[in-house]
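Undergrad: 3D, please:
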Amino acid sequence: MRPRGWLPSALASVAVLVLIAGCSSDSDGDKLQTRPAATAAVAPERTAQPTGDVLRLANPIGGLLAETGTGALVALDTNRDAGTTLFVIDPATIARKDAEGASDTGVRTLLLPARGIGLAQGKPGELLVPADHRIMRVDITSGVTTDIPVDGDARSVRYRDDGALFVGTADGKVRELAPDGTVAETISGLASADALALTGDHLSVLDRRQTSLTQLDLGKDRLGLALRAGDGATNLITDPFDRITVTDTAGNELLVYTAGPLVLRQRFPVGSSPYALAYDQRSDTVWVTCTQSNEVVGFDLSTGIPKEVGRFPTVRQPNSVTIDQRTGDLFVGSATGDGLQRIRADQRKKGQ
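TA: Numbering: from 1, shown residues only. So this is what the prediction gives:
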């Protein structure tokens with residue numbers, strides 16, 4: 001299945017294509033040309049009331065996920081020195097109660113034993129949280145957490161339907177873990193493995209320190225094709241069309257790729273330091289937060305020329321965003337304690 005108006009692969013010429021062949025040694029990451037990893041721009045004070053409803057969580061939100069199995073919304077707070085707090089929220093409870101904002105009714109708290117840095121979907125009803133030397137596997141219903149040991153500081157994780165996991169670490173290695181946790185394959189050679197994209201049979205890795213996207217040759221223990229990802233890429237998401245959308249935070253652009261082979265299909269300016277991403281599959285729309293303007297902006301990707309379909313003021317420092325695919329509701333998290341925002345599908349310009 002391919003979205004209408006899909007651009008030809010000739011657009012790949014706007015990026016430098018690099019072929020990285022052969023196995024890479026453990027020390028290769030030290031010889032690479034790198035830059036400091038791009039981060040979200042510091043947001044100014046809000047000048048507009050956030051659209052929709054706001055749940056007044058005082059904790060900074062470092063990640064958001066709409067869990068597919070339970071329908072729960074999960075917010076990650078990494079403000080603790082030694083561990084992590086997860087807020088498990090019934091999305092239906094996020095509704096404006098009064099002028100001071102929503103109450104915290106319907107919020108459950110889970111404490112994790114280590115400091116996690118992100119959230120990923122596991123099997124239905126389960127969250128995966130990367131941390132130093134482990135992946136924490138969290139059962140949303142029971143709250144039970146189990147550890148999967150990892151050799152290194154885990155920065156990213158992706159679940160495959162057969163139960164296998166792909167884990168990226170801070171030293172640029174990507175490991176495939178069998179369902180029993182044993183290491184099936186290790187690929188090295190990147191500076192850091194900060195985000196993973198699993199599209200069909202292809203696995204691609206975002207390296208923030210090289211600001212690159214690299215396809216891996218699974219089963220061959222080596223890196224494959226690599227493309228430059230703007231001036232300072234930070235985050236990525238995938239969608240049912242097997243596209244990989246990347247925020248070039250330093251370059252103020254969105255970049256859209258496909259893998260097998262790796263090709264840059266679309267790029268377009270966003271401005272205001274784009275950072276976090278969410279995809280609404282009902283409208284083929286990608287939503288991106290802009291931290292310099294405290295906004296979230298939607299782009300229709302169904303044609304070769306992305307079209308802006310919505311722009312809304314958000315909570316301050318909107319470093320995380322997610323979509324509840326059942327309802328189309330959009331959620332934005334503040335990394336400065338400004339709360340958790342809900343923008344209903346019927347409040348947005350392009351209704352879902």
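Undergrad: From here on, just use CA atoms for contacts and neighbour counts.
TA: OK.
Undergrad: Direction included, what does the strand or helix carrying Arg155 pair up with?
TA: For Arg155, the element it lies in under DSSP states H and E is strand 145-159. Here strand 145-159 is paired, per DSSP bridges, with strand 126-139 (antiparallel), strand 165-169 (antiparallel).
Undergrad: Need the winner for burial among the ones you listed.
TA: strand 165-169 (a mean of 26; mean count of other CA atoms under 10 Å).
Undergrad: Any idea how far that one is from the middle of the chain?
TA: 14 Å (CA atoms, centre = their mean, to the nearest Å).
Undergrad: Same check on stretch 156-172?
TA: Centroid separation between stretch 156-172 and its chain, computed with CA atoms, centre = their mean, is 14 Å.
Undergrad: Please enumerate the helices of the stretch 101-250 of the chain.
TA: Taking DSSP state H, counting those that start in this stretch, the stretch 101-250 of the chain contains no helices at all.
Undergrad: can you list the weak-confidence ranges in it?
TA: 101-105 (pLDDT under 70).
Undergrad: and with 90 instead?
TA: For the stretch 101-250 of the chain, residues meeting the criterion pLDDT under 90 lie at 101-106, 219-221.
Undergrad: do you know how far Phe268 is from Arg228?
TA: Distance from Phe268 to Arg228, counting by CA to CA, to the nearest Å: 15 Å.
Undergrad: who has more neighbours, those two?
TA: Higher neighbour count among Phe268 and Arg228: Arg228, with 20 against 13, using other CA atoms under 10 Å.
Undergrad: burial count for the closest residue to that one other than its chain neighbours?
TA: The shortest distance from Arg228 to any non-neighbouring residue, by CA to CA, 6 or more residues apart in numbering, is to Ser212 (4.4 Å). Ser212 has 20 neighbouring residues, counting by other CA under 10 Å.
Undergrad: OK, contacts around Ser212?
TA: Leu206, Ala226, Leu227, Arg228, Ala229, Gly230, Ala233 (CA atoms under 8 Å, 6 or more residues apart in numbering).
Undergrad: same check, this time on Val144
TA: Val144 neighbours (CA under 8 Å, 6+ apart): Val138.
Undergrad: Next one: it relative to Leu111, how far apart?
TA: Look at Val144 and Leu111: by CA to CA, they are 10 Å apart.
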